[in-house]
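**Student:** have a look at this fold, sequence not included:
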Ligand code: MN
Ligand code: MN
């Protein structure tokens, strides 16, 4: 054998995904990404993504879950967890005793939540106070267009949805920064302290009401909120309002190969899971799609992946088939579908390039996340990684390997550990992202499309 022949047969040679895409696949990829972008324009927080999933599920013949319902092969069932997370299932030919094929993503993203008592006036400027949610570089949120999203639960029991800043005719909201001319002291601070959490106050207005009295700017803002939404100040106490970057998902680059949007992490995997689930009929095993909340703050709470809402749903399906939930979990497989960090040549020394995911190399499989000595990681076994390799190879999915930065550089986690704790074999995989957790995150269209194909392959395995 020549060295060249040996090289070919023995050495791995990862290639850019574009070397494998056919023209027909490219067309499919572009159409898929258009649909994904439209989803992103409508869904900027977990509630909006959950509502979107419910509406699409119903269009696709899914029925709401109820206790004691009958469950037979081919049935399509969804469980809306209080409007903030959702689990959907297509019942398989095999019994749930043989396990389910699960894809689990999250639909919350880092953002600035509005405090319970937020509205005040200072120096005749009206503000809302915020408390950031998830891991952000606070300075990135200054002087960019922001929109207010969420719901307010009024004392009379009515729930009012609020969206300000997305419609072309809407005003946007903004947090100011210090002018460079006076920023000598600020520029000496480390980046975590350039702006303090308590300085993330968003400007709501400046025009005072006519007449006598104090806080006339604040009063005017409350009056406007009352006219549009029927709100009074104490309604903020029972509200979930959040500031997110205003604007739409856009193509990036002259070749339009990338997509820039707020919250690709992790709605890019959530959308992939959903579209894949809606495209399958009669899987061998039951296919389950989860869109969880609260991943960015530890998967906690009633709508997070640690919540027993998942047991409630899966237990109900198992009961209907006379199967023990524990037996179902023990035989199940879960793709923890979450984003990875795409290699960024501008910050090359934060990664081990040999083990990092990179744009356009396909869905990124991450054996482990965690930090330091893999602390907090759900370290997938050789067998689990082998199962993924085989499944993706059989389905012609373009994939690559990923790790989260070089050793001791930092770290993070996903819902993987919480699925694995349930005795479900779990592997992390998802779309590589540039500028993860920034107000504008960047992904490649090819990787988005391959992640959808990956979810489909898992469901049909
Ligand atoms: Mn994530
Ligand atoms: Mn994240």
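**Tutor:** Looks like it came in fine. This one's a predicted model, so the numbers in the text were calculated from it and none came from an experiment. Numbers count the residues shown, from 1 in each chain. Ligands and ions are numbered 1, 2, ... in the order given.
**Student:** doesn't residue 240 fall inside a strand?
**Tutor:** Yes: using DSSP: H, G, I helix; E, B strand; the rest coil, the secondary structure at residue 240 is a strand.
**Student:** these two touch, right, it and residue 151?
**Tutor:** Yes: with contact defined as Cβ atoms under 8 Å, residue 240 counts as touching residue 151 (5.7 Å). Where you see a C-beta, it was placed from the backbone N, CA and C, and this is true even at glycine.
**Student:** what do those two both touch?
**Tutor:** Here residue 240 and residue 151 have residue 47 as joint contacts, going by Cβ atoms under 8 Å, 6 or more residues apart in numbering.
**Student:** which helices and strands sit right next to the helix ranked longest in the chain?
**Tutor:** Ranked by residue count, the top helix of the chain under DSSP state H comes out as helix 23-42. If you count contacts as 3 or more Cβ pairs under 8 Å, 6 or more residues apart in numbering; DSSP states H and E, helix 23-42 packs onto helix 46-59, strand 258-261, helix 264-278, helix 445-460.
**Student:** ligand 1: which of those is closest?
**Tutor:** helix 264-278 (3.9 Å; Cβ to the ion).
**Student:** just checking that closest one against ligand 1, any contact.
**Tutor:** Yes: using Cβ under 5 Å from the ion, helix 264-278 reaches ligand 1 at 265, 266.
**Student:** right, and the helices and strands packed on helix 23-42 - which one's nearest residue 110?
**Tutor:** helix 264-278 (7.9 Å; Cβ to Cβ).
**Student:** name the residue closest to the centre of this structure, please.
**Tutor:** For the chain, the residue sitting closest to the mean C-alpha position, by Cα atoms, centre = their mean, is residue 266 at 2.0 Å.
**Student:** give the contact list for that one.
**Tutor:** By Cβ under 8 Å, 6+ apart, the neighbours of residue 266 are 105, 106, 107, 109, 295, 337, 338, 339, 430.
**Student:** kindly recompute the last result at 7 Å.
**Tutor:** When contacts are counted by Cβ atoms under 7 Å, 6 or more residues apart in numbering, residue 266 touches 105, 106, 295, 338, 339.
**Student:** of all these, which comes closest to ligand 1?
**Tutor:** The closest of these to ligand 1 turns out to be residue 338 (Cβ to the ion; 4.1 Å).
**Student:** that closest one reaches residue 104, doesn't it?
**Tutor:** No: taking contacts as Cβ atoms under 7 Å, residue 338 lies outside contact range of residue 104: 8.4 Å.
**Student:** neighbour count for the two, which is higher?
**Tutor:** residue 104 (30 against 27; other Cβ atoms under 10 Å).
**Student:** do you know how far the residue nearest to the centre of the chain is from residue 133?
**Tutor:** Using Cβ to Cβ, to the nearest Å, one gets 14 Å for the distance from residue 266 to residue 133.
**Student:** same check on residue 222?
**Tutor:** Relative to residue 133, residue 222 is positioned 24 Å away (criterion: Cβ to Cβ).
**Student:** helix or strand: which one has residue 318?
**Tutor:** helix 309-320 (DSSP states H and E).
**Student:** so which elements touch that helix?
**Tutor:** For helix 309-320, the packing partners by 3 or more Cβ pairs under 7 Å, 6 or more residues apart in numbering; DSSP states H and E come out as strand 85-90, helix 325-330.
**Student:** hmm, back to that, ok, and what's touching the longest helix of the chain?
**Tutor:** 21, 48, 52, 248-249, 259, 261, 267, 271, 445-446, 448-449, 452.
**Student:** could I get the average pLDDT for that helix?
**Tutor:** Averaging pLDDT along helix 23-42 gives 98.
**Student:** hang on, the earlier thing: JSON lines for the helices and strands packed on helix 309-320, including mean neighbour count?
**Tutor:** Shown next, in JSON lines, are these (neighbours: other Cβ atoms under 10 Å):
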{"stretch": "strand 85-90", "mean neighbour count": "27"}
{"stretch": "helix 325-330", "mean neighbour count": "18"}
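**Student:** in TSV, list those along with mean pLDDT and distance to ligand 1.
**Tutor:** As requested, the helices and strands packed on helix 309-320 are exported to TSV (pLDDT from 0 to 100; distance: least, Cβ to the ion, whole Å):
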stretch	mean pLDDT	distance to ligand 1
strand 85-90	98	14
helix 325-330	98	23
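**Student:** and these: which comes nearest residue 394?
**Tutor:** strand 85-90 (19.7 Å).
**Student:** which other helices and strands does the helix or strand following the closest one contact?
**Tutor:** Downstream of strand 85-90, the next assigned helix or strand under DSSP H and E is strand 100-106. If you count contacts as 3+ Cβ pairs under 7 Å, 6+ apart, strand 100-106 packs onto helix 264-278, strand 286-292, strand 333-337, helix 445-460.
**Student:** returning to that earlier point: pLDDT at the residue nearest to the centre of the chain, what is it?
**Tutor:** Looking at residue 266, the pLDDT reads 97.
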